[in-house]
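In: Pasting the sequence and the predicted model now:
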Amino acid sequence: MMLLLFAVFAITLVGCSLMVVLHRNPVTSALFLVVAFCALAGLYLLLQAEFLAMVQVIVYAGAIMVLFLFVIMYLNLKRDVEDGLQFALRRGAGWLLGILLLGTAALFLSRGWAPGATTEASPPPIGNSAAELTSILLLVGIVGAVVIGRGRAKPPGSEEPAP
Amino acid sequence: MTPLIDVDWWALGPGLALSGGAMLLMLLEFVPAGRNSSRGALVALASLLAAAACVWRVHEVKRALFDGMFVHDTFTVFFTLLFCGIAALSVLLSWDYVKRMRINQAEYYALLLAATLGMIVMSASNDLITIFLGLELMSLALYVLVGFRRSRLESNEAAMKYFLLGAFASGFLLYGIALLYGATGTTHLERMAAFLAGSPLLSNPLLLMGGLLVLVGLGFKVAAVPFHMWTPDAYEGAPTTVTGYMSAGAKAAGFAALLRLALVALPDLQASWKPVLIAIAALTMTVGNVTALLQTNLKRMLAYSSIAHAGYVLVAVVAGGNEGAAAAVFYLAIYSLMNLGAFGIVALLGRDQDEPVLLSDLAGLGFKNPALAFALTIFMLSLGGIPPTAGFMGKFYVFRAAVQAGQIPLVIVGVLNSVVSIFYYLRVTVALYMEEPAGEPTAVSRSIPAVIGVVVSLALTLWWGLQAHALLEQAQRSVLGLM
């Protein structure tokens, strides 16, 4: 069962990661990245690192991906195929970094540095209600800013500007 | 494997219901509604009811939630129900008021729910950090609510003043929390008390300074003199229903946190904080009442009167012990009710967007609108502490607790102040019945929900005046959680 789950998550992860790099449309790439993050979270769950899995989904799939999408949408989306000298340089740098990463991974694996018996991986059950409260506090802050800072053009039902 | 979150969901219910309600209100904005839609008020009422029902279901149990940061005990239950009641009455009073003032937006009710959640958090907190977070949640929502009539200059001014001074007070509170943490090594109230019990550090300047700064922060929220400067301006500029809500809710929440802090965390420091509180109580009553005498604006007068009432509650806090704390809680419940009623009636006055709030605007209403004038008279008598009303019972128990605790001079100051206060409360009655209107008498809105709200407050003010012991028993039970 575990092996099957591992296979599913791992194949999804590798497949989606490849699609991120290979797909031509940046938005589609970003969405594949989301799936990849979720698959990674599944792997964490299999390793019984529930907290890490949750954070992976919340922080990476949630927050960081939104940031990615924002940046992509701010950039010019019309040119989705790039070439020229700059692109060649970038491609070279990409290869270099990829080889470096593989080399490091190989080094770690050959030395047997994979973590042995892990200690308690998860932090204690989430008892920090301060975080949840802070999120509501921030939400109220945002709503307040919108209410106070809303433009002069008002929707029906709101107050009319003073003479 | 232990579940990731191990809590009593019913005890957590109010928080979930209120934050869920607030978010639902904002999501509902995607579905357009007319300017006179009552949808926001209905959703707000429903989530307040759900919150009250959740906490009522577990009102007999005592729980520590989230690693002891919150505590669910009789004190929490009493204040949660009180805050839900205050907010529900405010929703009823706001129902047509916001339409008349053209501020009928979902955010109004969402912020009201968020502020209520902040108040509940303050009363349930067993840790200085969560007290601070609750206070900020409440304050942030209130700053915006005060400035909700954005096209009105006074409303903007009020919000600005409240925000700047409030942020300043939060700074004091936070600094005080840091010093208390530095002196005791914990922000948890019970652990702090355990550390201080029999400790030789009781006169440690770090500790005293910390306690004092926290007192400043909370004193600001309950509008105690000398931290009351913002009150008249904020109360006058805010939409009247918001004024009623914050005068009742924010004050009760500030006192809830103060009571828990003083009686749970720092009872060993009594010798140090009592003299300070005695001075503040005497000052608060005197300055509030004397300044209220000079007001011609009804909202400003009620603002100063609310300052004075904070002084009466402080008398009960100073009296301390079971009786004093119970009297404080009892008084807060009664005060909230009659003050909300009074502001509710002020909110009923006027036509369209203008708000007649001068005392002279009341002239002649006694005959033109006898029911409204009668209700306002009862609220004024109750605020002044005249017998068949709840206000009398409240003052009676506060002063009795103080006499039993041996605070005779403070009681004398308090009683003298009550006498002074009767003068300006009766001036309202005089204006209602004995003055001729200069021109057209003031128009009165006929909003059904608001009338229901006023009638409920009126009935309870009279009922508790005659049958106070039921509420008093609840108040006494509630403070057992603190001892």
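Out: Thanks, I have it.

In: Now do the strands in chain B.
Out: Assigned by DSSP state E, chain B shows strands spanning B:63-65, B:70-72.

In: distance of the residue nearest in space to the middle of chain A from A:Ile11?
Out: In chain A, the residue lying closest to the centroid (C-alpha atoms, centre = their mean) is A:Tyr60, at 2.7 Å. Distance of A:Tyr60 to A:Ile11, given as C-beta to C-beta, to the nearest Å: 20 Å. Quick note: C-beta positions are derived from backbone N, CA and C, even for glycine.

In: Equivalent analysis for B:Ser47, please.
Out: 45 Å.

In: So between those two, which is more surrounded?
Out: B:Ser47 (27 against 11; other C-beta atoms under 10 Å in any protein chain shown).

In: Skip the chain neighbours and tell me the closest residue to that one.
Out: B:Gly21 (2.7 Å; C-beta to C-beta, 6 or more residues apart in numbering or on different chains).

In: Let me see the contact set for the closest residue to B:Gly384 other than its chain neighbours.
Out: In space, and not counting its chain neighbours, B:Gly384 is closest to B:Tyr425: 3.9 Å by C-beta to C-beta, 6+ apart. Shown in contact with B:Tyr425 (C-beta atoms under 8 Å, 6 or more residues apart in numbering or on different chains): B:305, B:380-381, B:383-384.

In: Closest one of those to chain A?
Out: Nearest to chain A among the contacts of B:Tyr425: B:Ser305, at 28.5 Å, using C-beta to the nearest C-beta.

In: for the closest one, what are its contacts?
Out: B:288-289, B:292, B:383, B:421, B:424-425.

In: Now tell me which helix or strand of chain A has the poorest mean pLDDT.
Out: helix A:65-74 (a mean of 79; mean pLDDT, DSSP states H and E).

In: Give me the distance between the residue nearest to B:Ser47 and B:Leu302.
Out: Distance from B:Gly21 to B:Leu302, by C-beta to C-beta: 29 Å.

In: Let me know the next secondary structure element after the lengthiest helix in chain A.
Out: For chain A, the helix that runs over the most residues, judged by DSSP state H, is helix A:85-110. Sequence-wise, the next helix or strand downstream of helix A:85-110 (DSSP states H and E) is helix A:129-149.

In: can you tell if that following helix touches chain B?
Out: Yes. Helix A:129-149 comes into contact with chain B (C-beta under 8 Å from any C-beta of the partner chain), by way of A:129-130, A:133-134, A:136-137, A:139-141, A:143-144, A:146-148.

In: Flag the shaky bits of the chain, pLDDT-wise.
Out: Using chain A here. A:76-83, A:112-129, A:151-163 (pLDDT under 70).

In: Chain B, not that one
Out: Short version for chain B, where the test is pLDDT under 70: B:1-7.

In: So A:Gln48, which state does it fall into?
Out: With DSSP: H, G, I helix; E, B strand; the rest coil as the basis, A:Gln48 sits in coil.

In: neighbours around it, how many?
Out: Other residues within reach of A:Gln48 by the criterion other C-beta under 10 Å amount to 12.

In: got it, and the one 5 residues further on?
Out: By other C-beta under 10 Å, the residues close to A:Ala53 number 20.

In: Neighbours of residue 64, how many?
Out: As the question left the chain open, I've gone with chain A. 14.

In: look at chain B instead
Out: 16.

In: residues in contact with the closest residue to it other than its chain neighbours?
Out: Computed as C-beta to C-beta, 6+ apart, the closest residue to B:Ala64 that is not its neighbour in sequence is B:Val71, at 5.5 Å. The contact partners of B:Val71, taken as C-beta under 8 Å, 6+ apart, are B:62-65, B:124-126, B:481.
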